[in-house]
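J.: Give the three-dimensional model of this entry:
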Amino acid sequence: MGEVLSQNEIDNLLAALSSGEIDADDMSDSSDKQVKNYDFKRPTKFSKEHLRTLEIIYEHYGRLLSTSLPIYLRKNIQISVASSETVIFSEFTNALSNPVILGIVNFQPLGGTIIIELATQLGYAMIDRMLGGAGEPLDKNRDFTEIEMTIIEKMMVVCMQLMREPWKNVVDLNPMMERIETNSQFAQVIAPNDMIAIVTLNMKIGDVEGFMNICLPFFTLESVMDKLNTKYWYANMQEQREEDFEEYIEALIRRVDVPVKAVLGRTKVAVNDFVNIQVGDIIRLDTDVENDLNVYVGNIRKFTALPGSSKDKYAVRVTSVVREGE
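T.: Numbering: from 1, shown residues only. Purely as a prediction, here's the structure:
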């Protein structure tokens, strides 16, 4: 608020203006205020803070992709956030070319969908790797075959499921892939004038480089917009304890399948005897009937057991646990 003048100061100022001692033009504010045009047809619903938080989320997502996708593609993958911006949905779809890879994802429990757009050269490279090739893109784009679409859908589902962890600080997601579209005209799941945030990831699979765009409509994220700020984000991160990560890792390890085998015994035979083995021949092993069998977990001897049966199937009963170093 400006300085309040007393009555005497006002009288003196009016007298100076009447006598010409002070020019009214000199008293005007010379600093022009910058005026920015506002388009009411395209209201800004995503602030810079919102976009920055989305970038943080998808930086985490990019790290998960770069460590998980090589398991399927057996290729070095580098992913980084290239940019984030807000546009209307029609601008996004008009910039797409056909064929295109669009994953329509139901962003449960949020009310609405998001779109994952994958560059076609990356899609062709993934298909080539999954089918045993070197991971090279096609020289000229063409429509995808049904077999290729099945492979693409599998990879897109993997990418979709990896979004759960980065969004955990904001909302506990349970995303579901509704369908894969290769024609942008069939992906009109959002009104053309609706505002969306686009987070662009730069993905490099070996020597093939392209973009993955994550299209996030405002009405899908509207219920969690208050949580899309860095203050809320870092506060939640600090609340997470190391025990939580230990329990999470332990739960993942418990679901890993490992081979378990019980070895009846071992022996050595000549190659000539081996190729002439017939049904009914007896192979003499180096163990007695009364001896315990060795049970291996992977290649490590872990238990001893006695042979038997359970519900008409061969089985073993564990008799002891082999400790490390025994």
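
J.: Let me know the pLDDT of Val316.
T.: We note a pLDDT of 89 for Val316 in this prediction.

J.: So it lies in a strand, does it not?
T.: Yes: per DSSP: H, G, I helix; E, B strand; the rest coil, Val316 lies within a strand segment.

J.: which residues of this protein fall in helices?
T.: Per DSSP state H, the chain carries helices over the ranges 7-19, 48-73, 89-94, 120-130, 146-161, 218-221, 230-239, 242-254, 271-275.

J.: Just name the most buried of the ones you listed.
T.: helix 120-130 (a mean of 22; mean count of other Cβ atoms under 10 Å). All C-beta spots, glycine's among them, are computed from the backbone N, C-alpha and C.

J.: Contacts made by that helix with the rest, please.
T.: Residues from elsewhere that reach helix 120-130 (Cβ atoms under 8 Å, 6 or more residues apart in numbering): 72-75, 99-101, 134-138, 141, 144, 148, 151-152, 155, 203, 205-206, 208, 210, 212.

J.: Strands - which of those land there?
T.: Among the contacts of helix 120-130, the ones falling in strands (DSSP state E) are 101, 203, 205, 208, 210, 212.

J.: Sort out which one of those lies nearest Asp273 for me.
T.: For these, the residue nearest Asp273 by Cβ to Cβ is Ile205; the value is 51.1 Å.

J.: Can you tell me, leaving aside adjacent residues, what's nearest to the closest one?
T.: Distances taken as Cβ to Cβ, 6 or more residues apart in numbering put Ala125 closest to Ile205, at 5.0 Å, once the chain neighbours are dropped.

J.: just for the stretch 201-326 of the chain, where's the confidence low?
T.: Residue ranges of the stretch 201-326 of the chain with pLDDT under 70: 230-245, 248, 325-326.

J.: Contact partners for Met155?
T.: Counting by Cβ under 8 Å, 6+ apart, Met155 touches 69, 72, 126, 130.
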